[in-house]
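Visitor: need a structure here:
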Amino acid sequence: MLRAWQPLSLLVLLMLATTAWGQDGTGPKELQPWLVGLTAVVVFLFIVFILLLVNRLWKLRMRRLERTGCVNLAAEKGSGEESDGEGHKKATPL
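Guide: Prediction:
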């Protein structure tokens with residue numbers, strides 16, 4: 001699982017390094033309003049993409065755990081129904 005994060009961390013480090021190189025000899029610049037908006041949209045879409053990717057990986061992991069029997073969601077859902085059934089069983093004579 002740790003190896004899956006290595007390409008992402010490498011990408012983040014490269015992005016940080018390139019932004020640091022780009023700021024060496026330049027002073028503060030103001031971006032045009034359309035470029036600020038475009039940057040905001042791109043960043044927003046990137047964040048949504050990352051969240052969707054994490055959600056998909058989470059669902060795949062849960063499905064795999066359910067198949068192997070590590071997580072039994074049916075038992076957790078059925079626990080409320082069993083309490084009603086047990087009350088009914090206690091009322092009937094043996």
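Visitor: Now do the helices in this structure.
Guide: Ranges of helices within the chain are 6-22, 33-68, 73-91, based on DSSP state H.
Visitor: And those, which one averages the lowest pLDDT?
Guide: Of all those, mean pLDDT reaches its minimum on helix 73-91 (a mean of 55).
Visitor: Contacts only, for L31.
Guide: L31 is in contact with T39, counting by Cβ atoms under 8 Å, 6 or more residues apart in numbering. Where C-beta positions appear, they are placed from N, C-alpha and C, glycine not excepted.
Visitor: Next: L14.
Guide: No contacts exist for L14 under Cβ under 8 Å, 6+ apart.
Visitor: roughly how far apart are it and L51?
Guide: 22 Å (Cβ to Cβ, to the nearest Å).
Visitor: now swap in Q32 and tell me
Guide: Going from Q32 to L51 by Cβ to Cβ gives 29 Å.
Visitor: and what of R67?
Guide: Noted for R67: a distance of 25 Å to L51, by Cβ to Cβ.
Visitor: and if you look at L65?
Guide: L65 is 21 Å from L51, where distance means Cβ to Cβ.
Visitor: Among those two, which residue is more densely surrounded?
Guide: Between L65 and L51, counted using other Cβ atoms under 10 Å, the more crowded position is L65 (13 against 10).
Visitor: Look at M62 and say how many residues are nearby.
Guide: If you count neighbours by other Cβ under 10 Å, M62 ends up with 13.
Visitor: Same question for the one 4 residues further on.
Guide: A total of 13 residues lie near E66 under the criterion other Cβ under 10 Å.
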